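Peer 1: No letters, just coordinates:
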């Protein structure tokens, strides 16, 4: 385990090399899985989630560790299995404008995340008809235009995050009510023109 730059509850990542290392569909899925598992996971457990072999997943975990995005967690038994965890509870990616290639790396990473999430939205649309009525009714795809200043938008974001915080999967895992499922909340706000 490490007390490196990613060991705080949340960090800002500005290194283009780290962004490029993460901008891979399997690595995004691995990080998503680790961010939602406090106890950590093995490469084999993670492989089932990301659809790769345990050896391919292990390779990606080692690459992510090389950049400080994941770290080894405490062993759960005899110490023979390698357990991994996210090195930070959350990350914010923001390129430094004066770093060569930083803006391109940030855009590449954003595109990779959006591609991943939009594929999940398409998957939901394809299976929605097979879901129970309660889940179909509770799900929402909404779009609206707002008229805000930058300060107002920051306040809206703060309030939305405060409402969502008690429902974060990672913190709720042990005491979730019966029938609870993981829900992907995709929240995008940005100037439209």
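Peer 2: Cool, the structure landed. Worth saying up front: this structure is predicted, and the values here are computed from it rather than measured. Numbers count the residues shown, from 1 in each chain.
Peer 1: Sort out which residues of the longest helix belonging to the chain are buried, please.
Peer 2: Scanning the chain for the longest helix, with DSSP state H as the assignment, gives helix 102-127. Residues 102, 105, 106, 108, 109, 112, 113 are the ones in helix 102-127 that count as buried (16 or more other CB atoms under 10 Å). C-betas here are computed from N, CA, C, even on glycine.
Peer 1: Which strands or helices does that helix pack on?
Peer 2: Counting contacts by 3 or more CB pairs under 8 Å, 6 or more residues apart in numbering; DSSP states H and E, helix 102-127 packs against helix 16-22, helix 25-35, strand 90-93.
Peer 1: what is the mean pLDDT for that helix?
Peer 2: Mean per-residue pLDDT for helix 102-127: 93.
Peer 1: Quick one: name whatever helix or strand follows that helix.
Peer 2: helix 133-138 (DSSP states H and E).
Peer 1: Check the offset of that next one from the chain's centre.
Peer 2: Mean-position distance between helix 133-138 and its chain equals 24 Å (CA atoms, centre = their mean, to the nearest Å).
Peer 1: How about stretch 103-114?
Peer 2: Chain-centre distance of stretch 103-114: 14 Å, with CA atoms, centre = their mean.
Peer 1: got the contact list for it?
Peer 2: Contact partners of stretch 103-114, identified using CB atoms under 8 Å, 6 or more residues apart in numbering, comprise 16-17, 19-20, 22-25, 28, 93-95, 97.
Peer 1: Can you tell me which of those is closest to residue 135?
Peer 2: residue 28 (24.6 Å; CB to CB).
Peer 1: quick check: angle from the longest helix of the chain to helix 25-35?
Peer 2: Calculated by axes from the mean of the first three to the mean of the last three CA atoms, to 10 degrees, helix 102-127 forms an angle of 80 degrees with helix 25-35.
Peer 1: Would you format the contacts of stretch 103-114 as CSV with distance to residue 39 and pLDDT included?
Peer 2: Formatted as CSV, the contacts of stretch 103-114 follow (distance: CB to CB, whole Å; pLDDT from 0 to 100):
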residue, distance to residue 39, pLDDT
16, 32, 92
17, 29, 92
19, 27, 93
20, 29, 93
22, 22, 93
23, 27, 94
24, 24, 93
25, 25, 92
28, 21, 93
93, 26, 87
94, 29, 88
95, 32, 85
97, 39, 83
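Peer 1: Thanks again, I'm all set now.
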